[in-house]
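Undergrad: Okay, here's the prediction I keep looking at, along with the sequence it came from:
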Amino acid sequence: MAIQELTRPLSDQRIDLPSLTTGVPVAAAAARSPYFVNRWVDAMLIGGLSIITWLGLQAFYTGADTKPLVTIALVLSLFVNFPHFSATVYRLYQSSEHTRQFPVTAWGLPFIIFGAVFACFWQPEAVAPYFLLLFFFWSPYHYSGQTVGITMVYARRCGFPIGRRERLGSRPSCSPPSSLAPHICRKTG
């Protein structure tokens, strides 16, 4: 009994977790809900809606006319992709500390992408297909990185201490889709 009393964390003790939860009391980390909204809303926003949409398209879409799908995808990108991109840009440029931490992303990449888009318009047949191919190779890697990031956010919200080893250990389980992209592109043309 005495050893258990000495080793159990006190309610005002702080746990050492990476940046998102540093300084959160143990009791508060344990009492906080792991969900941002609730189980169902979080599951749908994390990927459930994408899976349901894919299953619905597989079951009911004949593929005869793709114009409605392209229109729906463009409209949805206004509500999903653009806010995601805007939040990322805001987070990067909101402080000089962030731009110093990621100087290539903050200052070099915009010029490189602008130059690549210009080159696509200047030489569309020579450059644009490779720019699109680069996007197809990069997207699965980016999505797998987001999967790791979302996993880490929920793990931290549940009170799991996440260090470098845990982050690096979780990456291989999410990376296979990005490593399969070249094979999928080769087979589908």
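TA: Nice, thanks for sending it over.
Undergrad: Now do the same contact list for Val37.
TA: Leu45 (Cβ atoms under 8 Å, 6 or more residues apart in numbering). For glycine as for every other residue, the C-beta is placed from the backbone atoms N, C-alpha and C.
Undergrad: secondary structure class for it?
TA: coil (DSSP: H, G, I helix; E, B strand; the rest coil).
Undergrad: Need phi/psi at it.
TA: phi -110, psi -70 (degrees, to the nearest 10).
Undergrad: From Phe118, how far off is Phe131?
TA: As judged by Cβ to Cβ, to the nearest Å, Phe131 and Phe118 stand 11 Å apart.
Undergrad: Do a quick rundown of the helices in the chain.
TA: 2-7, 26-31, 39-43, 49-60, 67-79, 81-93, 96-101, 103, 109-122, 124-157, 164-174, 176-188 (DSSP state H).
Undergrad: and those as JSON lines, adding mean neighbour count and mean pLDDT?
TA: Output for those, formatted as JSON lines (neighbours: other Cβ atoms under 10 Å; pLDDT from 0 to 100):
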{"stretch": "helix 2-7", "mean neighbour count": "7", "mean pLDDT": "38"}
{"stretch": "helix 26-31", "mean neighbour count": "14", "mean pLDDT": "53"}
{"stretch": "helix 39-43", "mean neighbour count": "12", "mean pLDDT": "88"}
{"stretch": "helix 49-60", "mean neighbour count": "10", "mean pLDDT": "83"}
{"stretch": "helix 67-79", "mean neighbour count": "10", "mean pLDDT": "83"}
{"stretch": "helix 81-93", "mean neighbour count": "11", "mean pLDDT": "86"}
{"stretch": "helix 96-101", "mean neighbour count": "10", "mean pLDDT": "92"}
{"stretch": "helix 103", "mean neighbour count": "10", "mean pLDDT": "93"}
{"stretch": "helix 109-122", "mean neighbour count": "12", "mean pLDDT": "94"}
{"stretch": "helix 124-157", "mean neighbour count": "14", "mean pLDDT": "84"}
{"stretch": "helix 164-174", "mean neighbour count": "12", "mean pLDDT": "76"}
{"stretch": "helix 176-188", "mean neighbour count": "11", "mean pLDDT": "59"}
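Undergrad: if I look at the residue most central in space within the chain, how far off is Asp42?
TA: In the chain, the residue lying closest to the centroid (Cα atoms, centre = their mean) is Gln146, at 2.0 Å. As judged by Cβ to Cβ, Gln146 and Asp42 stand 15 Å apart.
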